[in-house]
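In: Give me a model of this one.
(chains A and B)
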Amino acid sequence: MNSVKPYAKAVSTRLIAGVLVFLLVTFSATALSSLAPGSAAQLILGDYATPEQIATLNATYGYDLPIWQRYLSWLGDLLRGDLGVTMFSQQPVLGVVLERAAVTFEIAFLAMAVSLLGVPLAMYTASHPNKLTDKVMRSVSTLLLAVPTFVIVVLFSYLFALVLRWLPATGWVKFTDNPLANLWYVALPVMCLSMHQTAYLYRVARNEFVTTLQEDYIAVARAKGLPLSYILFHHALRPAMPQIITVMGLSLTYMLAGSFVVESYFAVPGIGWTVLSAVKSHDIPLVQAILSLTVVIFVIVFMLVDLGYALIDPRVKVS
Amino acid sequence: MTDIGNPLGLNPGPDAKLSEIVRAATPWSSKLRLSGGSVSDTVAAIFLVLLILVALFVDFIPGLVSPRLPYGDFSQLPDWSLNGLLGTDDIGRSIFSRVLYGARTSMMIVAISTTIALVAGLLLGMLAGYYRGYFERAVDLFANALAAMPSTLVVLAFVAVTGPSVITIIVVLGIFDIGTYARVAKAGVISQSNRDYVLAARAMGATDGRILLQEILPNLIPALTAVMPTLMAGLIITEGSLSFLGYGIPAPAPSWGGMIASSTDLLSRFPLLILGPVLAIVFTVYAFNTIGDYLAQRLNNRERES
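Out: Okay, here's the model as predicted:
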């Protein structure tokens, strides 16, 4: 009984902090449209709109109301699950955002799975420190961390789509339409997104393993004659887990920021691609909705990471 | 062999001779290293110094043509003149000149954004760490909100409303780094404020402002400089991505991201065009990361010793 209570408390304090963050960010997002030169409707409709058209649009989207009033009505809409319709295609905003988010999540999730390869690689080089593989891997990971995603995207699509012609350069097939074709189209975006993350995870995990492998209990395990692989997975992995989880949680920021570049370059209809087209057409409600969704996801993931620490290492106090 | 210097400021005695002997006996390769660093740390430091010099004085390089105007025929192959070192782009502008001027663009954004972030972050973080209470909670909320979204997305949201502009990018990226600097400054103040020297200053009747600025602030500098290069590398990448997407530095002005974007259209026939800006941004990020690691390592060692 006692073991459940601190978790419940930790979850609730983090939820409150998360809700505050959500309110702060979404309020700022609402206030943002007031920065538009002239009015938001003027911006959306362009220079040739008549004053009547502008007034009508300002009234439908509430851009003529004071910020706090507009924000309260947006919050009310959110609670009813109705964020209005997109500016141009007139589809429900919430539906569009969720559909696109599914695409981005598929790519981000696969890229994260690929990046986990960094952990066994780190195990190997950490248990053979300063050997050739260790040195090579260190240089490779340092180099990869210095290559921005948009450069990786350009170079990989040149190599794999233009020169070798192994993978399609652009395009998208829904997973529900044809899972195999979907994987075919998803391969390049996933590779591009996972490079940086693999290198980062590798570096962090290697440093963790090197320190852990110097501990006395590892020497004891070795002296007992346990095989190296058993020691690595059963004794060395657990102390490194909090760091690994932190990196994976942080990688979400990276994946979402990277999705703008990757999705626009490979024409993948995900969140990043949607934001870019919404920016081009000044579709403010859509940008606002995506910003809000992002904040919700981040708050949840950071909370899971915090709770993950406590689950892995009972010495960590959840408070 | 670690050189602890002369921490007490005593007159150098006979030991000074010893240190000269030691210096004379050290192999030349270790003279090339920053103290406690590797050769690549030195290379990174030299590269960054050169980069800053280029950013400051690119206008005065003799013979370098304007990055905005065509100067010769389109050729992806280099010729052995200063302006032709990296070839010319699709409208005949010197890629070498554009890469150098692109360095100025990147460095300018890094410098201004970092100044904004550092000043505001120090102010918020120090006050939060010193006075705690509700102000600390407000600063935490602000920092958490910034951490809960990618800066690229927020810049894009601003661009959707106000149109692309360099000032928007500089300010938004600057605001985004406030959270990290504030967090580092706050942690530093909290760990310092119970030290003896702070108590002594307080006992002598020093004001809060004096304690914060003259006693605590100098001790925050190592931790702040250790996070700075990594954040700067992040700024360069974000600015590059935005320019690559077409929402960063507006077109005729040279930027590495923009140059990479425009050469992708010609990539299938003229792959060499992309080399200059790609190498420039990769080396720069590499150098910032390397110096960041080096400083963080030194800071760790320092804290372990104290």
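In: Would you mind finding the longest helix in chain B?
Out: In terms of residue count, the longest helix belonging to chain B (DSSP state H) is helix B:95-131.
In: Helices of the chain, start to end?
Out: In the absence of a named chain, this looks at chain A. Counting by DSSP H, the helices of chain A are A:4-32, A:40-45, A:51-61, A:67-79, A:93-115, A:118-127, A:132-145, A:149-156, A:179-213, A:216-223, A:228-231, A:237-266, A:271-280, A:284-312.
In: try again with chain B
Out: B:15-25, B:28-31, B:39-57, B:95-131, B:133-147, B:151-162, B:166-192, B:196-203, B:208-210, B:217-245, B:256-264, B:275-305.
In: sorry, back to before: quick one: closest of the helices of chain A to residue B:139.
Out: Closest of the helices of chain A to residue B:139 is helix A:4-32, at 12.4 Å (criterion: CB to CB). Any C-beta I mention is one placed from the backbone N, CA and C, and that applies to glycine too.
In: and the angle for that closest one with helix A:67-79?
Out: 130 degrees (axes from the mean of the first three to the mean of the last three CA atoms, to 10 degrees).
In: Distance from the chain centre to stretch B:270-280, please.
Out: 23 Å (CA atoms, centre = their mean, to the nearest Å).
In: Now that residue A:196 has come up, it's in contact with residue A:149, right?
Out: Yes - when contacts are counted by CB atoms under 8 Å, residue A:196 is listed as touching residue A:149 (6.3 Å).
In: Touching both of these two, which residues are there?
Out: Listed contacts common to residue A:196 and residue A:149 are residue A:258; contacts here mean CB atoms under 8 Å, 6 or more residues apart in numbering or on different chains.
In: With adjacent residues omitted, what lies nearest to residue B:259?
Out: residue B:277 (4.0 Å; CB to CB, 6 or more residues apart in numbering or on different chains).
In: quick one: buried residues of stretch B:135-148?
Out: Neighbour-count burial for stretch B:135-148, with 16 or more other CB atoms under 10 Å in any protein chain shown as criterion, is recorded at B:136, B:139-140, B:142-148.
In: pLDDT weak spots in the stretch 151-300 of chain A?
Out: Judged against pLDDT under 70, the stretch 151-300 of chain A has no low-scoring part.
In: need the residues of it near chain B, please.
Out: Within the stretch 151-300 of chain A, the positions adjacent to chain B are A:151, A:154-155, A:158, A:162, A:253, A:256-257, A:260-261, A:264, A:275-276, A:278-279, A:282-284, A:287-288, A:290-291, A:294-295, A:298-299 by CB under 8 Å from any CB of the partner chain.
In: Now, of those residues, which are buried?
Out: A:151, A:154-155, A:158, A:253, A:256-257, A:260-261, A:264, A:275-276, A:278-279, A:282-284, A:287-288, A:290-291, A:294-295, A:298-299.
In: Number of residues surrounding the residue nearest to residue A:300 when sequence neighbours are not counted?
Out: When the adjacent residues along the chain are set aside, residue A:300 lies closest to residue A:18, with 7.5 Å between them (CB to CB, 6+ apart). Residues contacting residue A:18 under the criterion other CB atoms under 10 Å in any protein chain shown number 20.
In: Close to chain B: what parts of the stretch 1-150 of chain A are there?
Out: A:17, A:20-21, A:24-25, A:29, A:32-33, A:35-37, A:40, A:43, A:142-143, A:145-150.
In: can you rerun that using 7 Å?
Out: Those residues of the stretch 1-150 of chain A that sit near chain B, judged by CB under 7 Å from any CB of the partner chain, are A:17, A:20-21, A:24-25, A:29, A:32-33, A:35-36, A:43, A:145-148, A:150.
In: Can you turn the buried subset of those residues into a selection I can paste into ChimeraX?
Out: Provided next is the ChimeraX selection string for whichever of the residues of the stretch 1-150 of chain A next to chain B are buried by 16+ other CB under 10 Å:
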select /A:17,20,21,24,25,29,32,33,36,43,145,146,147,148,150
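In: so how far is residue A:125 from residue A:132?
Out: 10 Å (CB to CB, to the nearest Å).
In: Would you mind telling me which of the two has more residues around it?
Out: Taking other CB under 10 Å, residue A:132 and residue A:125 do not tie; residue A:125 has more neighbours (24 against 9).
In: returning to what we had before: got the buried residues for the longest helix of chain B?
Out: For helix B:95-131, by 16+ other CB under 10 Å, it's B:95-107, B:109-110, B:112-114, B:116-118, B:120-130.
In: Show the backbone phi and psi for the nearest residue to residue A:188 once chain neighbours are set aside.
Out: Closest residue in space to residue A:188, ignoring its immediate chain neighbours: residue A:167 at 4.9 Å, by CB to CB, 6+ apart. The phi and psi values for residue A:167, taken as degrees, to the nearest 10, are phi -130, psi 150.
In: just residue B:66 next, same as before
Out: phi -60, psi 140.
In: Please tell me how far residue A:57 sits from residue A:287.
Out: From residue A:57 to residue A:287 the distance is 16 Å (CB to CB).
In: Residue A:217 now?
Out: 52 Å.
In: Also residue A:126?
Out: Using CB to CB, residue A:126 is found at 44 Å from residue A:287.
In: and if you look at residue A:153?
Out: 23 Å.
In: got the residues of chain B near chain A?
Out: Within chain B, the positions near chain A by CB under 7 Å from any CB are B:141, B:144-145, B:148-150, B:152-153, B:156-157, B:159-162, B:237, B:240-241, B:244-245, B:247, B:257, B:260, B:264, B:267-268, B:271, B:274, B:278, B:281-282, B:285-286, B:289.
In: Can I have the buried ones of these as a ChimeraX selection?
Out: One line in ChimeraX is enough to select the buried ones among the residues of chain B next to chain A; burial here means 16+ other CB under 10 Å:
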select /B:144,145,148,149,150,152,153,156,157,159,160,161,237,240,241,244,245,247,257,260,264,267,274,278,281,282,285,286,289
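In: circling back to that earlier point, export the helices of chain B to a markdown table and tack on mean pLDDT?
Out: Output for the helices of chain B, formatted as a markdown table (pLDDT from 0 to 100):
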| stretch | mean pLDDT |
| --- | --- |
| helix B:15-25 | 55 |
| helix B:28-31 | 53 |
| helix B:39-57 | 92 |
| helix B:95-131 | 94 |
| helix B:133-147 | 90 |
| helix B:151-162 | 87 |
| helix B:166-192 | 93 |
| helix B:196-203 | 91 |
| helix B:208-210 | 90 |
| helix B:217-245 | 93 |
| helix B:256-264 | 89 |
| helix B:275-305 | 90 |
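In: which one of the helices of chain A lies closest to residue B:209?
Out: helix A:4-32 (29.2 Å).
In: Could you list the buried residues of the closest one?
Out: Quick answer for helix A:4-32 (16+ other CB under 10 Å): A:10, A:14, A:17-18, A:20-22, A:24-27, A:29-30, A:32.
In: How far off centre is it?
Out: Put simply, helix A:4-32 sits 19 Å off its chain's centre (CA atoms, centre = their mean).
In: tell me the contacts of the residue nearest to residue A:81 when sequence neighbours are not counted?
Out: Nearest non-adjacent residue to residue A:81, counting by CB to CB, 6+ apart: residue A:94, 6.3 Å away. Taking CB atoms under 7 Å, 6 or more residues apart in numbering or on different chains as the contact definition, residue A:94 lies against A:81-83, A:289.
In: Taking those, please make a ChimeraX selection of just the buried ones.
Out: The buried residues among the contacts of residue A:94 can be selected in ChimeraX (16+ other CB under 10 Å) with this line:
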select /A:83,289
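In: Mind checking which of the contacts of residue A:94 land in strands?
Out: Judged by DSSP state E, these include no members of strands.
In: ok, the contacts of residue A:94 vs residue A:239, which is closest?
Out: Nearest to residue A:239, judged by CB to CB, of the contacts of residue A:94 is residue A:289 at 41.1 Å.
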